[in-house]
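**Student:** Sequence and predicted structure, then a few things I'm wondering about:
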Amino acid sequence: PNERLKGQTAIVTGGSSGIGAAVSLALGKDGANVIINYNSHKEEAEQISEEINKDSICGKAIAVKADVSVEKDVIAMFKTGIEEFGTIDICIANAGLQQDAALHEMTLKQWQTVIDVNLTGQFLAVREAIKEFMKRGMRPEVSKSLGKIIHMSSVHQIIPWAGHANYAASKGGIVMLMESICQEYAPFKIRCNSIAPGAIRTPINREAWETEMALEKLNKLIPYKRIGIPEDIGSVAAWLSSDESEYINGTTIFVDGGMTCYPGFTTNG
Ligand code: NAD
């Protein structure tokens, strides 16, 4: 077993489903304690938590409810996690949603819900994480960094997305949030990076993969010709949380099978 995260504690927002669930499991398997945040799917969060707890090689896990867009919820969740495990070393700001509409028909509520969860929700989580890192100080026995932050962004931080302007704007905002945090806190040895997934098979984009026809259409956008799976992101998140990637800071890692390489220009199908 790889014990590269042993003795560290991670918090994963939106950890009850899809990418967040796979990231929670990957971190747990590498030895981290995991605080699995959920808002509405308690049973699923507890199931992931149990899966980590039943394996003696893994760290320990707990499921904690919080709406990431509500300040007092996020503060309370960090308090619970720190009481349980002592501190937090890794923050994966992953929770996100879509509320799709043509821009001229988009309601203010649709706009605001997406910005509140995808952008403000990530701000609130990483702010609390940085507060804890700064208060606690270095723990050289477990990591060379004071703390690690990973934002779950999207290829739509650079690919414009008609019909999803609120979502694309939220992910575009993540770039400058992440890079500004890197610039501000790198001198304290905090690492802040993003993962930008391409199309990953999860409930958020079911209509893009549930029929053969939809998959065929989707594959036209993926040079590697397969849809991603949540574990593709889990393995990168675990490595990016570990000292193996210590010198990576202020970067977005695209995990997209080549989706950002203009597949429309291909000469190979
Ligand atoms: P998902 O719907 O399976 O998971 C999203 C999670 O966020 C769920 O657990 C949901 O309950 C949680 N969530 C939503 N609102 C919340 C709130 N207010 N408070 C707390 N939790 C909340 O989808 P996913 O694909 O696993 O998405 C995870 C992240 O990855 C999102 O940020 C998404 O934008 C990003 N992403 C996904 C894809 C993809 O193709 N699936 C591609 C690029 C980026």
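**Tutor:** Nice, thanks for sending it over.

**Student:** rest of the way, CA atoms for contacts and neighbours
**Tutor:** Will do.

**Student:** ranges for the helices of the stretch 151-269 of the chain?
**Tutor:** 165-185, 212-219, 230-241 (DSSP state H, counting those that start in this stretch).

**Student:** Where does the prediction get shaky in the stretch 151-269 of the chain?
**Tutor:** Filtered on pLDDT under 70, the stretch 151-269 of the chain yields the residue ranges 269.

**Student:** touching the ligand at all, the lengthiest strand in the chain?
**Tutor:** If you go by DSSP state E, the chain has its longest strand at strand 190-197. Yes - counting by Cα under 6 Å from any ligand atom, the ligand is contacted by strand 190-197 at residue 197.

**Student:** Convert that strand to CSV, retaining C-alpha atoms only.
**Tutor:** Output of strand 190-197 as CSV, limited to C-alpha atoms (Å, rounded to 0.1, in the frame of the first residue of the first chain):
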residue,chain,number,x,y,z
ILE,A,190,0.9,26.4,1.3
ARG,A,191,0.4,24.8,-2.1
CYS,A,192,-2.7,25.7,-4.2
ASN,A,193,-3.6,24.0,-7.5
SER,A,194,-6.6,23.1,-9.6
ILE,A,195,-7.6,19.9,-11.4
ALA,A,196,-9.6,20.6,-14.5
PRO,A,197,-11.5,17.4,-15.5
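
**Student:** how distant is it from the center of its chain?
**Tutor:** Here the centre of strand 190-197 is set off from its chain's centre by 8 Å, with Cα atoms, centre = their mean, to the nearest Å.

**Student:** Go ahead and name everything in contact with it.
**Tutor:** 145-155, 157, 175, 178-179, 181-182, 185, 233, 237, 246, 248-256 (Cα atoms under 8 Å, 6 or more residues apart in numbering).

**Student:** sorry, back to before: redo the helices of the stretch 151-269 of the chain as TSV? Include distance to residue 81 and mean neighbour count.
**Tutor:** Putting these into TSV (distance: least, Cα to Cα, whole Å; neighbours: other Cα atoms under 10 Å) gives the following:
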stretch	distance to residue 81	mean neighbour count
helix 165-185	23	20
helix 212-219	39	14
helix 230-241	18	21
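
**Student:** now for the ones you listed, which one comes closest to residue 267?
**Tutor:** helix 212-219 (14.7 Å; Cα to Cα).

**Student:** hmm, back to that, give me the subset of the contacts of strand 190-197 that also touch the ligand.
**Tutor:** Restricting the contacts of strand 190-197 to those near the ligand by Cα under 6 Å from any ligand atom leaves 152, 153, 154.

**Student:** Name the nearest residue to the first one, ignoring sequence neighbours.
**Tutor:** Nearest residue to residue 152 in three dimensions, chain neighbours excluded: residue 94, at 4.8 Å (Cα to Cα, 6 or more residues apart in numbering).

**Student:** Dump stretch 224-240 to CSV, restricted to CA.
**Tutor:** Taking C-alpha atoms only, stretch 224-240 is exported to CSV below (Å, rounded to 0.1, in the frame of the first residue of the first chain):
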residue,chain,number,x,y,z
TYR,A,224,-8.4,9.8,-26.4
LYS,A,225,-11.8,8.3,-27.3
ARG,A,226,-13.1,7.3,-24.0
ILE,A,227,-15.2,9.1,-21.3
GLY,A,228,-13.3,9.7,-18.1
ILE,A,229,-14.1,7.9,-14.9
PRO,A,230,-14.1,9.4,-11.4
GLU,A,231,-11.0,7.3,-10.5
ASP,A,232,-9.0,9.1,-13.2
ILE,A,233,-9.4,12.2,-11.0
GLY,A,234,-9.0,10.4,-7.7
SER,A,235,-5.5,9.2,-8.6
VAL,A,236,-4.3,12.6,-9.7
ALA,A,237,-5.8,14.3,-6.5
ALA,A,238,-4.0,11.8,-4.2
TRP,A,239,-0.7,12.4,-6.0
LEU,A,240,-1.2,16.2,-6.1
